[in-house]
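Visitor: Based on what follows, work out the 3D shape:
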Amino acid sequence: MAKRKSRFLSTASLLALASCWGGAALAEGALPSVQAGELAQGPYAYMHMLFQKTILRINVATIEVRVDKPAQARLASLAQGQKYSDALAQQLAGVVIGAQRAVVEMKFKRDVGLKRWIGVVRDNLEEAREAGLISPDLERRVGQGLPQWFSPLQERGYLKGDRLIYGVEPDSLRTVVVSAGGQVLVDRFEKEQGTRRVVLASYFAPGSEFREPLLKSLFQGNR
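Guide: Numbering: from 1, shown residues only. Here you go, the predicted model:
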């Protein structure tokens, strides 16, 4: 656990590479949004957190997650009138990971160099494989494909205000990187069940730095 806590972006870095292989294509249409009409609104639909690192509590990014109406109903049935606990968190996380539709958005609050980020991602690939979230073959393919997949960010890296967005659908995953000025830097579409599932699993797996704060936010005046 200490090893994970010392890393800059931890498990979330894995998410930005999930669609790097296996027939990804350019996507079309409106960008995924946590305000999308097909997602649920109101209590137990929305989670958020501020991701910080080091003892100086450097702000790295904000993270928002919104799920669909069936997942909201199941979350409400479990959480309403209850207090947060590890046992309850296990059930809630299972519901979120199993959601058919969801949007995850990370907005960077500081610059992050691409080379540094890729190194962290490769570390997280290893962790994900050891946890049984991905296969050794996927770890190898994605690790080797990172520089090419994120070549639009090779010189600039991630800058403050950039957004990394995942649109999870029943049979697909869309991965988008948008600059603070609204320029779409990466936009890829992937139809593969394992890929779409690993996004939510990485955020809400046991030991993830994001699981507890995101799930606790379900109890804090959801919108």
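Visitor: State the phi and psi torsions of the residue nearest to Leu114 when sequence neighbours are not counted.
Guide: Computed as CB to CB, 6 or more residues apart in numbering, the closest residue to Leu114 that is not its neighbour in sequence is Gly157, at 4.3 Å. Quick note: C-beta positions are derived from backbone N, CA and C, even for glycine. Main-chain dihedrals, Gly157, degrees, to the nearest 10: phi 70, psi -160.
Visitor: residue ranges of the helices in this structure, please?
Guide: Secondary structure of the chain (DSSP state H): helices at 2-5, 12-15, 69-79, 86-97, 114-130, 136-149, 193-204, 211-216.
Visitor: Ser179: which of these is closest?
Guide: Closest approach to Ser179 among the helices of the chain (CB to CB): helix 114-130, 13.9 Å.
Visitor: so for that closest one, what's the average pLDDT?
Guide: Summarised as a single mean, pLDDT over helix 114-130 is 70.
Visitor: how far away is the nearest residue to Gln90 once chain neighbours are set aside from Gly143?
Guide: Counting by CB to CB, 6+ apart, Gln90 lies nearest to Pro206, which is 7.7 Å off, once chain neighbours are set aside. Distance of Pro206 to Gly143, given as CB to CB, to the nearest Å: 23 Å.
Visitor: With neighbour numbers in mind, choose between those two.
Guide: Gly143 (17 against 10; other CB atoms under 10 Å).
Visitor: Looking at this protein, which residue reaches furthest from the middle?
Guide: Gly81 (27.7 Å; CA atoms, centre = their mean).
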